[in-house]
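Undergrad: Need a 3D model of the following:
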Amino acid sequence: MSVEILNLILSIIETIIVSATFVVLAQQVGKEYTWRKKEKAITFSTYNANHMRGVMRKIEQYFPDYSTRITPIPLAAIRDAVAQSKDDDKDKDHDLINDVNYLLSKFEELGLSVEQGVADFNTAYELVYGNCRRAIMIFSEYIDDERKQEKRPLLWEYAVRLAYRFKENYDRQVANHDLENKHLQVENEFKVASKSFDSKT
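TA: Residues are numbered from 1 along each chain as shown. Modelled structure (predicted):
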């Protein structure tokens, strides 16, 4: 075997090794990126968890039907609750509205992270779908009012968009589940009909 052929074979082997190394590295980088997106979504659900629990306790204290409510809280009721919280709380600089704003701002942060591809949508959906949808629905009148008062029509826009995306995803899952159930039902009816037909022949 000539030196030229040997060098060519070695060059081909070297190219294959380098290419394989790049493929493995690319896969590792892809996995790392995917994990970081999931981690960001997970971090949101656990970030400052004690503080978030305190926020939710206060919101549920003034809105006892918060977790079961299916309609927005009227703006007048929110204002009454905020006024009451100012009377009840010794810290006059921190009232109920601070907690509502904190909750909405956390969903805004997550919505922006998902929108920019920093946080994984599916992980966020599994972790906070219900909480996000409920907060945006319940405080929708407050959000609209704040947008007008602050002259900021896109205030909490990413939180609202995230809630709508969650709802669309949920509806799609329900539709797919219903479709799957219909397929199973048709399949079972076909089996029953086949047995009946077989017994007659």
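Undergrad: Let me see the contact set for Leu103.
TA: Residues near Leu103 by C-beta atoms under 8 Å, 6 or more residues apart in numbering: Met52, Val55, Met56, Ile59, Ala135. Just so you know, the C-beta spots here come from the backbone N, C-alpha and C atoms, and that holds for glycine as well.
Undergrad: How much space separates Lys86 from Gln116?
TA: Look at Lys86 and Gln116: by C-beta to C-beta, to the nearest Å, they are 37 Å apart.
Undergrad: who's more crowded, the two?
TA: Applying other C-beta atoms under 10 Å to Lys86 and Gln116 shows that Lys86 carries more neighbours, namely 15 against 9.
Undergrad: And Met52, what's its pLDDT?
TA: At Met52 the predicted local distance difference test score is 85.
Undergrad: Nearest spatial neighbour of it, chain-adjacent residues omitted?
TA: The shortest distance from Met52 to any residue that is not its chain neighbour, by C-beta to C-beta, 6 or more residues apart in numbering, is 7.2 Å, and that residue is Lys106.
Undergrad: hang on, the one you found packs against His51?
TA: No: with contacts defined as C-beta atoms under 8 Å, Lys106 does not count as touching His51, sitting 9.8 Å away.
Undergrad: Give me the more crowded residue out of these two.
TA: Neighbours of Lys106 and His51, each counted by other C-beta under 10 Å, are more numerous for Lys106; the result is 22 against 12.
Undergrad: Can you give me the buried ones in the helix or strand hosting the more buried one?
TA: Using DSSP states H and E, the element containing Lys106 is helix 96-115. Judged by neighbour count (16 or more other C-beta atoms under 10 Å), helix 96-115 contains these buried residues: 96-104, 106-108, 110-114.
Undergrad: Show me the helices in the protein, by range?
TA: Counting by DSSP state H, residue ranges of the helices within the chain are 3-46, 49-62, 75-88, 96-115, 121-138, 140-150, 157-200.
Undergrad: list the helices and strands the second one packs on?
TA: Packed against helix 49-62, as judged by 3 or more C-beta pairs under 8 Å, 6 or more residues apart in numbering; DSSP states H and E, are the following elements: helix 75-88, helix 96-115.
Undergrad: Of all these, which one is nearest Ile5?
TA: Across these, the minimum distance to Ile5, taken as C-beta to C-beta, is reached by helix 96-115, at 55.4 Å.
Undergrad: Let me see the mean pLDDT of the closest one.
TA: Summarised as a single mean, pLDDT over helix 96-115 is 92.
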